[in-house]
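Asker: Need the 3D shape of this:
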Amino acid sequence: MSILNTIAAHAFERVAAAKEKVSLDEVMSEALSMPVGSFEFEKALKKDDISFICECKKASPSKGIISSDFPYLEIAKDYERAKADCISVLTEPKWFLGKDEYLREIAGSVSIPCLRKDFTVDEYMIYEAKLLGAKAVLLICSILSQEQIMKYIGICDKLGISALVEAHDEREIRTAVDSGARIIGVNNRNLADFSVDTGNSRRMRELVPENIIFVSESGVRDANDIGLLRQAGVNAVLIGEALMRAGNRQAKLAELRG
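Answerer: Okay, here's the model as predicted:
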């Protein structure tokens, strides 16, 4: 069983526990009673130059603890001051040590759109994301069927939030495109062995129609990586560890921009 499937299995357990406290009908009703969003996340990624989604992440399965003290509000505000386009907030609690509260507080403290970075396995989590203030959710092709992805994009559309559909190989790219994804992220990290290759994004770029926002995720370290992704026509990058480990996050983002 891959780490991805293990995390997904735990996500099912989390959803089951959450539903015992608050039912799907209650969460759905509350989310649908909120003002419909205006797809701020995908709008923020539509610009002439490459866009930056900066991540708030305390830990990961491959690297362990990345930030032991983790001043998440300070980190998010650093990103906002550095003119990040969006912020990705980990809410997965077991392997990434995330919390829903991190997202709720960050989304309420910054003016740029936030992605709920989690392992969405049930529509419940999409309604939760809306209630937490997220403007986007992550849908991972490896753990969802095409029918689920299409259904979940439909729910996002009803709520006015965006779906970042993540793929890793050609087959998953086809699934994402056929599902009607408007944003496709290519994960450069192989979750089977944790190896990273940003060339994965460059190879996959030509498989995605130009009208779909293309995001390169994981493994982006420096301005040279960004330059190669720019040349390949990548629209946005999602960067976590390189920024989280930087002594000066604003300076690091400026350096990455070149």
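Asker: Do you have the strands of the stretch 101-250 of the chain handy? List them.
Answerer: 114-117, 136-140, 162-167, 183-187, 213-217, 236-239 (DSSP state E, counting those that start in this stretch).
Asker: Can you lay out those as a markdown table showing mean neighbour count and distance to Ile106?
Answerer: Heads up, the C-betas are built off the backbone N, CA and C, glycines and all. What follows is these, written out as a markdown table (neighbours: other CB atoms under 10 Å; distance: least, CB to CB, whole Å):
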| stretch | mean neighbour count | distance to Ile106 |
| --- | --- | --- |
| strand 114-117 | 28 | 6 |
| strand 136-140 | 25 | 13 |
| strand 162-167 | 27 | 17 |
| strand 183-187 | 26 | 20 |
| strand 213-217 | 25 | 19 |
| strand 236-239 | 26 | 16 |
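Asker: residues touching the residue lying closest to Ala129 once chain neighbours are set aside, list them.
Answerer: Excluding its sequence neighbours, the residue lying closest to Ala129 (CB to CB, 6 or more residues apart in numbering) is Arg116, at 4.1 Å. By CB atoms under 8 Å, 6 or more residues apart in numbering, the contact list for Arg116 reads 89, 91, 103, 125, 128-129, 132, 134, 136-138.
Asker: Arg116 and Val22, how far apart?
Answerer: Applying CB to CB, to the nearest Å, the value for Arg116 to Val22 is 17 Å.
Asker: got any ranges where this structure has weak pLDDT?
Answerer: 1, 191-193 (pLDDT under 70).
Asker: center of it, which residue is that?
Answerer: Nearest to the geometric centre of the chain sits Lys117, at 4.4 Å (CA atoms, centre = their mean).
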